[in-house]
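[1] Dropping the sequence and predicted coords here.
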Amino acid sequence: MIAPPRRAELLLEALGAETGFRDALLGDLAEEFAARLQRNGVRAARRWYYREAIRATPHLLRVWWRRLRLRDVGNLAGVVLTSYVFLALLLGLVLITARSVAMALGFGQNSDPFMANGWLVPLVGLVLSIVAGIAGGYIAAWLDERAPLANAFALGVAWSCAAVSMGAILGTTPVWYRVSAALAVLVCAVLGGIHRAWTVPHLAPKPVDQSATTGG
């Protein structure tokens, strides 16, 4: 029996929904996947499964969010804050170094390199934001493996909001850079969480009993 796409199953579990709801959903998807496999073939069944997994994602996130209690919210805040502070300090150090190198090379000697000579330093900052977003999402997923992808998403949202707010208050970077960096961090944090969910074996969901779901 051909199993449903494993990576899609991993991502659905990584969203941290309540176990009973998640297992029931995975069972229903596995049952319909098996039926479509017989009718339409492997490729069509897999395409359907991925589409349904994408459609199910908001529902699983909503279930995860609704079941959070005060202790869970505190734990989530701790995960987000720890990941953010660690990477913000690291990113700040790298940006200071990059700015110093740019000044030494003659870029923006009379003004802030972010505001002078066009695109060089903002581009470097954007690349660093992408790398930091992926690393941050991975770390957030690693810190609490009960809901790794949800944690990575929460970090991405918090970091993006903080970046836009601080940029608007300080006004030291171009608007296009603030918006691009915020979007990059959000997307890349989710990608980091996905990478963690895909590469850690013990996060894999238990195999669905096909005979139980089909009544055999």
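    Sure thing, it's come through. What you are looking at is a predicted structure, and each value in this text was computed from that prediction instead of being measured. Residues are numbered from 1 along each chain as shown.

[2] Tell me how far stretch 133-141 lies from the chain's centre.
    Distance of stretch 133-141 from the chain centroid (C-alpha atoms, centre = their mean, to the nearest Å) equals 7 Å.

[3] An error on my part: the question was meant for stretch 10-24.
    Distance, stretch centre to chain centre, for stretch 10-24: 16 Å (C-alpha atoms, centre = their mean).

[4] Put the alpha carbons of it into PDB.
    Extracted as PDB, the C-alpha positions of stretch 10-24 are listed here (Å, rounded to 0.1, in the frame of the first residue of the first chain):
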ATOM      1  CA  LEU A  10       5.000  15.800   9.200                       C
ATOM      2  CA  LEU A  11       4.000  19.400   8.600                       C
ATOM      3  CA  LEU A  12       0.400  18.800   9.600                       C
ATOM      4  CA  GLU A  13       1.600  17.300  12.900                       C
ATOM      5  CA  ALA A  14       4.200  20.000  13.500                       C
ATOM      6  CA  LEU A  15       1.400  22.600  13.700                       C
ATOM      7  CA  GLY A  16       0.700  21.400  17.200                       C
ATOM      8  CA  ALA A  17      -3.000  20.800  17.100                       C
ATOM      9  CA  GLU A  18      -4.700  18.600  19.800                       C
ATOM     10  CA  THR A  19      -3.700  15.000  19.300                       C
ATOM     11  CA  GLY A  20      -7.100  13.500  18.900                       C
ATOM     12  CA  PHE A  21      -8.200  16.100  16.300                       C
ATOM     13  CA  ARG A  22      -4.900  15.800  14.400                       C
ATOM     14  CA  ASP A  23      -5.000  12.000  14.300                       C
ATOM     15  CA  ALA A  24      -8.600  12.000  13.200                       C
END
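
[5] Residues contacting that stretch, please?
    Applying C-beta atoms under 8 Å, 6 or more residues apart in numbering, the external contacts of stretch 10-24 come out as 25-26, 53, 56-57, 60-61, 63-64, 67, 141, 146-151, 193-194, 196-198, 203-206, 208. Using the backbone N, CA and C atoms, a C-beta is placed for each residue, glycine as well.

[6] immediately after the longest helix anywhere in the chain, which helix or strand?
    Counting residues, the longest helix in the chain under DSSP state H turns out to be helix 70-104. Tracing the chain C-terminally past helix 70-104 and defining elements by DSSP states H and E, one meets helix 120-143 next.
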